[in-house]
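Q: what follows is a protein structure lacking sequence information:
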C-alpha cells in the first residue's frame, strides 16, 4: 500500500501544479503600466465596448425575426442578466486591481491551467470580435457608396471561391484595424481620448434618433392591427433575450483596465454600473423608437434605423445614422484592441505565455509588442475571413469566462484568511473588540448596567465568529458533520457540484424532448432532481462564513447572484451550434499544447514553489516488533518544473 502511494506521488504533485493559484504582491497598486484612467474614462470605455454595431443592426434583426416590439423586454432582461456577471467582474476589478480580467480572476482563485484556458479563449474572442466588427464597419461604409469598394476589389484586385473564406480580401477592414493599432500603441491616455471623441459623436447621434424618432412615433404600430406587442409570445421574448445578451459583452474592458486606473476600488464598480445602465437604456429606447416609427414586420434587418427614417420621408437622417454607426463601431474596435494586448501581457507577465509580450514600452507604458502583433493578426483575420464565419466563433469563450468568474467570486469569498494576513484586512473593526484591561491597563468602571451587557454581547459575538469557510455557529446542531472538513473545502466541493447540476439541468431542458427524445415525465423528473441538487449546493455554500471586506465593492446576495449567473451562462452556451463547440474544442487542444509546451515550464508560480527537503525520515514497525528508521536522501529533480521524476537513496538503521 505504501509503495503504491509512493508511485502515485509524482502524479499527485503534477495535478497540484496544474491547480496552483497565483500569489499576489503585497502592494497590488504597484505596476509597470501607467495609472492614468479616471472613472469617466472607464465609463466611456465600457459604453464604447457595448454600444456598437448591435444598436444599429441587432435591434432591427431581433425585432423582425424573433420578438417583435417586445424586443424592448428582451433587452431589459438581457441587461439584468448581464448585470449578474458585471457584479462579479466589478468585485474582482476593485479587489484585485490587476490587468487580465477573467484570466487573472480565475488564476487567483481556481487554478493555473483553468486560468490559462480562460485567457486563451478570451484572446480568440477578442481577435474574432475585432475582425468581425471591422468587416461590419467596412460593409456598412461600402453600402453607403453603393458597394463601390467591393466591386473594385473583385474586378481589379482578386476574388476567390473557397469555403469559410471571403469572396474578396477586405482591404478596408484590415486597414482600419492597422490604423487603430497605431493609435492604441501610443498609450492608454491617447486611446481613452480617441474613445471619448467617438463615444461623444455616437451619443449625440443616439440622442438625435431618440428625439426625432419619438416625434415620428405611431402607437398604432404596437396595436393588434400590426400583429400586437409580442407577436412571437414568451418564447420569442426569451429567444430574443438570448440574442440580445451578446450586445452587453463589452463591459469586461473595464476590469481589463483596472491596472491602469487611478482609483480602481472606487472607479471599477461605478463605471461598470453606469456604463451597463446607460447601454441598457440606449438599447431599450432605440428599439422602442424603431418599432414605433414603422411596423416591426417591415423592418430591414441590415439597416433598420436608416431605412425607417427613409420610409418616413427623411432620407437625410440616414446619413446621420450612418455617421453614428461608424463612430460606434470605432469604439468597439478600440475596446477590443485595448483589452486584448493587456490579457496577453498579463499571461506573459505570469510566465504562461511567451515572455516577449510582457515587454512594456518605457515611454508609452503599454505592452506595445503585444498590441502590434495581435493587431496585425486581427487585421489578417478581417482581410481573409467572411463575417458569418467569424461570428460563429463568438460568444462561447465569453460565456465560459463569465462562468469561471462567477465561480471564482464564490470560492474567493469563502476562502480562509492567510496566516500572514491581518484580520483587519478582511473583517470589520467591530469584530475585534478589546477588553477593558487592554484599553486602560486596569478594570474599567461602568456607569450603567447596559454598558456591561453590551460588552458581554460583543465578546460573545467575537467568540462565535469563525474564520471564512467554516460552518456558521447557528447551523452546528444540524450540520455538525461539515466541521470535519477543512475551511473552504465544502464550499469548493459545493461549487463544483452546483456547476455539474446546472450543466445537467440545462442539457435536459435544451435537448431533453428533441435530441435525447425523452418522455415528458422523465424530463420533468430529471429537471427536478438536478434543480434540487443545484439548490442544495447553494445552501451548503450559504451556511458557511464569508469574508467581510468593507473597503471594496462586494457582490450582494452571494452565492445566489453568482449561482444564477452560472446557470444562465451554461444555458446560453448549450444553445450554440454543434460546429461552434467543435471549433471551440480544437482551439482548446491548441491551447493545451501551448500550455504544456511552454507555460507550465516558465510559470512564475513554479519558481516560487519551495524545493523538497534534502533528507526525509520514515519509521516502520516490522512484524517482529523491531522499529526501522528509513532515511531518504532526495536528489535534485531535473524535471522539477512539472513535478515529474524523483531520485532517492535509502539507508536503513534498526533500533
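A: Alright, I've got the coordinates. Just so it is clear, the model here is predicted, and its values are computed rather than measured.
Q: quick one: neighbours of residue 12, just the number.
A: Other residues near residue 12 come to 11 when the count uses other Cβ atoms under 10 Å. Placement of C-beta: from N, CA and C, glycine included.
Q: so where does it fall, helix or strand?
A: helix 2-18 (DSSP states H and E).
Q: distance check, residue 13 against residue 599.
A: Look at residue 13 and residue 599: by Cβ to Cβ, to the nearest Å, they are 17 Å apart.
Q: what about those two, which has more around it?
A: When neighbours are counted by other Cβ under 10 Å, residue 13 and residue 599 differ, and residue 599 comes out ahead with 25 against 17.
Q: contacts only, for that one.
A: 116, 351, 352, 353 (Cβ atoms under 8 Å, 6 or more residues apart in numbering).
Q: check what pLDDT the last one gets.
A: This points to residue 353. Per-residue pLDDT puts residue 353 at 95.
Q: point out where the stretch 51-200 of the chain drops to low pLDDT.
A: The stretch 51-200 of the chain contains residues with pLDDT under 70 at 164.
Q: ranges for the strands of the protein?
A: According to DSSP state E, the chain carries its strands in the segments 615-621, 627-634, 648-654.
Q: before we move on, the earlier item: now intersect the contacts of residue 599 with the helices, please.
A: Secondary structure defined by DSSP state H assigns residue 116 of the contacts of residue 599 to helices.
Q: which stretches of the stretch 401-550 of the chain have low pLDDT?
A: If you take pLDDT under 70 as the line, the stretch 401-550 of the chain has these spans: 418-465, 549-550.
Q: for it, what spans make up the helices?
A: 436-440, 449-464, 489-511, 520-542 (DSSP state H, counting those that start in this stretch).
Q: tell me where the stretch 1-150 of the chain has helices.
A: Going by DSSP H, counting those that start in this stretch, the stretch 1-150 of the chain shows helices at 2-18, 39-50, 53-62, 71-95, 102-107, 112-144, 148-152.
Q: report the contact partners of the spatially closest residue to residue 540 that is not a sequence neighbour.
A: Counting by Cβ to Cβ, 6 or more residues apart in numbering, residue 494 is the residue found nearest to residue 540 once chain neighbours are left out, at 4.4 Å. Residue 494 makes contact with 537, 538, 540, 541 under the criterion Cβ under 8 Å, 6+ apart.
Q: low-confidence ranges in the stretch 201-350 of the chain?
A: Looking at the stretch 201-350 of the chain by pLDDT under 70, you get an empty list.
Q: could you rerun that using 80?
A: The model of the stretch 201-350 of the chain has pLDDT under 80 over residues 302-303.
Q: ranking the helices of the stretch 1-150 of the chain by burial, who's on top?
A: helix 102-107 (a mean of 30; mean count of other Cβ atoms under 10 Å).
Q: what comes up buried for stretch 279-288?
A: 279, 280, 282, 283, 284, 285, 286, 287, 288 (16 or more other Cβ atoms under 10 Å).
Q: pick the one among those closest to residue 98.
A: Ranked by distance to residue 98 (Cβ to Cβ), the buried residues of stretch 279-288 are led by residue 279 at 25.0 Å.
Q: picking that back up, helices - which of the buried residues of stretch 279-288 land there?
A: Per DSSP H, the subset of the buried residues of stretch 279-288 in helices is 279, 280, 282, 283, 284, 285, 286, 287, 288.
Q: residue 386: which of these is nearest?
A: Out of those, the member with the shortest distance to residue 386 (by Cβ to Cβ) is residue 283, at 26.5 Å.
Q: how close does the closest one get to residue 132?
A: Distance of residue 283 to residue 132, given as Cβ to Cβ: 19 Å.
Q: over to residue 396?
A: 14 Å.
Q: what of residue 366?
A: Counting by Cβ to Cβ, the separation of residue 366 from residue 132 is 24 Å.
Q: likewise residue 248?
A: Counting by Cβ to Cβ - residue 248 and residue 132 are separated by 16 Å.
Q: which members of the buried residues of stretch 279-288 are the farthest-apart pair?
A: The widest separation within the buried residues of stretch 279-288 (Cβ to Cβ) is 15.0 Å, between 279 and 288.
Q: for residue 532, what are its contacts?
A: Per Cβ under 8 Å, 6+ apart, neighbours of residue 532: none.
Q: pretty sure residue 114 contacts residue 405?
A: No - between residue 114 and residue 405 there is no contact, the gap being 11.3 Å when judged by Cβ atoms under 8 Å.
Q: any residues in contact with both of those two?
A: residue 106.
Q: number of nearby residues for residue 523?
A: 16.
Q: for it, list the residues it contacts.
A: The contact partners of residue 523, by Cβ under 8 Å, 6+ apart, come to 508, 509, 512, 513.
Q: make it 6 Å
A: Going by Cβ atoms under 6 Å, 6 or more residues apart in numbering, residue 523 touches 508, 512.
Q: what does the one 4 residues further on give?
A: If you count contacts by Cβ under 6 Å, 6+ apart, residue 527 has them with 505, 508.
Q: ok, now residue 407?
A: residue 495.
Q: let's see that with 8 Å instead.
A: By Cβ under 8 Å, 6+ apart, the contact set of residue 407 is 110, 495, 499, 562, 566.
Q: kindly report the same for residue 47.
A: With contact taken as Cβ under 8 Å, 6+ apart, residue 47 is in contact with 199, 203, 275, 278, 279, 331.
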